[in-house]
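*Asks:* sequence first, then the predicted structure, then my questions.
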Amino acid sequence: MNKSQDIIQNLKTSIEQVAIKMGIENPEVHIEHPDDISYGDFSSNIALIYSKQLKTNPKALAEKIIEELKKEMPENVESVSIAGPGFINFRFASKYFLNQLDKILKNGNKYGRSLENKKTVLVEYSSPNIAKPFTVGHLRSTIIGDAIANILNFSGYNIVRDNHLGDWGTQFGKLTVALEKWGNLVEIEKSESPIKELVALYVRFHEEAEKDPALEDMAREKFQLLEEGNSPEIRKTWEKCIELSKKEFERIYEQLGVKFDTQIGESFYATPEMIEKVMQELVGKNLIKESEGAQVVFFEKIGESEKYPPLIIKKTDGTSIYATRDLAADIYRKEKYGNDVTIINEVGSEQILYFRQLYETEKMMGWFQEGQRVHIAHGLLRLKEGGKISTRKGNVIWLEDLIREAVERAGKINQESAHEVAMAALKFNDLKRDSPQDIIFDWDEMMSMTGDSGPYLQYSCVRARSVLAKAESLGINPTINIESKTENLERLLVRFPEVVERAGIEYKANILASYLINLAAQFNNFYANNIIADEKDPESPHKTALTKAFDIVMANGLGLLGIKVPKRM
RNA sequence: GCCCUUGUAGUUCAAUGGAUAGAACAAAACUCUUCUAAGGUUUUGAUGUAGGUUCGAUUCCUACCAAGGGCACCA
């Protein structure tokens, strides 16, 4: 329980009591922040909701409620007013915020961090496929997943970051066929970019397979040999591909500054024992049926049609499929992290149907409670000319190229911090949006360094630090003056933990992102209108303290989004 | 054909059923003899269409229109 929750609860209780006095039974009181902070710190729409029931108009009811509230003003409330159609707005006393600001200065980046040891949340993200390109498509999952993990961790959850590597499946059969027909692994290994060579083969496979569908069958046969452990040769090729891919991935994670707790690939869940376990459990619940040669799960009927199309668990040739391995993964995770673990899959929205099928199956198995399985879906990245970015078609944008371009662009403005700035631009661009709407790929948009962007936030922070450095050299000691007035900046700063918590509950990093933009705008305004470090100004210690509080909150917030603050910009 | 998303300013995006629908980019005009102008201040400009529910709808419901994704052995 953090401080702001106490405050809200207090206010709620006061309003509830008044409402009961007015003759409202079991009043439902909602407290929210008004859109515009100048209306007040909190507002309630209670008068709008109950005016009809009490046969009066909202404004008259609001006035009566306020009159009653004023007899015994709730803690910290400085003034109450009516606005608009009948909102009751509460403005809190400056002292409350100034006390909180003092805590920010004392606690540094621990301010607002929940120490509660809440449940374990496993966040599965990034999950690139071996021998396939690490493209801008995976960038979204990597960035969003990492931020959500950070945010939940701040709110006190025990986090497991899991990179669910796509290192198993028919794709290897395809690659094996392609290698045998048109490639040479030894030479590929020596080449400048082995992954690009492998992808070229993968693309060629799909081109040729269109003319000659028999290739697909060959690929499935190869995969069957691999999965059943009957071909040491294919196994060796597979191991080589993993080695080459992992090297490449590590380079990219290094650049992005993303780390994982576990990197268990799908192959780990594809052992005969684990697959057998999945089958046994499904058979035990009588969920498996044979259909057209495959083993599938059917879903409940709604009218004439089924809720979802059937889900294949075992293919006709007896090999596993992604659903098999995902089910095995969840059995394993339940055993390892406990039955109450929450499991989040950060995967593109194209897989929405699949995850619904998967979750429904797990629900029928009785494995999880409501809300324990979460799919954070992001929109696809599309090309301007139209069309999906697809490995099969070979029209990919390599993440490496994207990063290089971003660093180059950032370097034109500032050499020294080019990498940090470039990462901020890329990451923030992904995190500021909520909608599962597709993103049209556009270099300029992708790397925006002005306006609502990562670099804008970094810049405001760097500038604040520059002020702090000057204040220090002048011997000004940042001190909150508890008697001073507060503006939006102070009030907004205090909301930080509350915002992080909401972002976590809703699994939406953009809630934090837009808070930070708002906060930076308030600070930049403050900065433009005040000389902060000035030894002759008696208010300087207070202003410096505000600047420091801003620095702490901003740097902390950016950190949760995976963005570093550079020394200079 | 069926299912799922999404339609907001010229463009890219916001807005737990609430107040004057917010930003940013682009366009126009200001603003560094102050600690970082990647900044600040102005101006112009938007809820796909038609109904419904509600005191109140960008938000919920229905139909239509438009874009994208998915629908059995790929992940």
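*Replies:* Right, received. Where do you want to start?
*Asks:* could I get the full set of helices for the stretch 351-500 of chain A?
*Replies:* Ranges of helices in the stretch 351-500 of chain A, per DSSP state H, counting those that start in this stretch, are A:352-364, A:399-413, A:418-431, A:443-446, A:454-473, A:488-494, A:496-505.
*Asks:* show me how far stretch A:465-473 is from its chain's centre.
*Replies:* For stretch A:465-473, the separation from the chain centroid amounts to 34 Å (computed by CA atoms, centre = their mean, to the nearest Å).
*Asks:* okay, buried residues for that stretch please.
*Replies:* A:Arg465, A:Val467, A:Leu468, A:Ala471 (16 or more other CB atoms under 10 Å). C-beta coordinates here come from the backbone N, C-alpha and C atoms, glycine included.
*Asks:* now do stretch A:55-63
*Replies:* A:Thr56, A:Pro58, A:Lys59, A:Leu61, A:Ala62, A:Glu63.
*Asks:* rewinding a little: make JSON lines out of the buried residues of stretch A:465-473 and add distance to RNA strand B and pLDDT.
*Replies:* Shown next, in JSON lines, are the buried residues of stretch A:465-473 (distance: CB to the nearest atom of the strand, whole Å; pLDDT from 0 to 100):
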{"residue": "A:Arg465", "distance to RNA strand B": "7", "pLDDT": "97"}
{"residue": "A:Val467", "distance to RNA strand B": "5", "pLDDT": "97"}
{"residue": "A:Leu468", "distance to RNA strand B": "8", "pLDDT": "97"}
{"residue": "A:Ala471", "distance to RNA strand B": "7", "pLDDT": "96"}
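*Asks:* any idea of the mean pLDDT for stretch A:122-138?
*Replies:* Average pLDDT, stretch A:122-138: 87.
*Asks:* quick check, that stretch touching RNA strand B?
*Replies:* Yes: using CB under 7 Å from any atom of the strand, stretch A:122-138 comes into contact with RNA strand B via A:Asn129.
*Asks:* how about stretch A:339-350?
*Replies:* Yes: interface with RNA strand B: stretch A:339-350 contributes A:Ser349, A:Glu350 (CB under 7 Å from any atom of the strand).
*Asks:* check contacts around the nearest residue to A:Gly108 once chain neighbours are set aside.
*Replies:* Of all residues not flanking A:Gly108 in the chain, A:Ile552 sits nearest, at 5.8 Å (CB to CB, 6 or more residues apart in numbering). Shown in contact with A:Ile552 (CB atoms under 8 Å, 6 or more residues apart in numbering): A:Ile104, A:Leu105, A:Gly108, A:Asn109, A:Tyr111.
*Asks:* wait, the fourth one sits on A:Leu558?
*Replies:* No: with contact defined as CB atoms under 8 Å, A:Asn109 does not count as touching A:Leu558 (10.8 Å).
*Asks:* what about those two, which has more around it?
*Replies:* A:Leu558 (23 against 14; other CB atoms under 10 Å).
*Asks:* and the helix or strand harbouring the more buried one, what's its mean pLDDT?
*Replies:* Assigned by DSSP states H and E, A:Leu558 belongs to helix A:540-560. Averaging pLDDT along helix A:540-560 gives 97.
*Asks:* may I have that helix as CSV, with CA atoms only?
*Replies:* What follows is helix A:540-560, C-alpha atoms only, in CSV (Å, rounded to 0.1, in the frame of the first residue of the first chain):
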residue,chain,number,x,y,z
SER,A,540,17.1,28.9,-5.1
PRO,A,541,17.6,25.9,-2.7
HIS,A,542,13.9,25.1,-3.2
LYS,A,543,14.0,25.4,-6.9
THR,A,544,17.1,23.3,-7.0
ALA,A,545,15.4,20.7,-4.9
LEU,A,546,12.5,20.6,-7.4
THR,A,547,15.0,20.1,-10.2
LYS,A,548,16.6,17.3,-8.3
ALA,A,549,13.3,15.6,-7.7
PHE,A,550,12.6,15.9,-11.4
ASP,A,551,15.9,14.4,-12.3
ILE,A,552,15.2,11.5,-9.9
VAL,A,553,11.7,10.7,-11.2
MET,A,554,12.6,11.2,-14.9
ALA,A,555,15.7,9.1,-14.8
ASN,A,556,13.9,6.4,-12.9
GLY,A,557,11.0,6.5,-15.3
LEU,A,558,13.2,6.3,-18.3
GLY,A,559,15.1,3.4,-16.7
LEU,A,560,11.8,1.5,-16.5
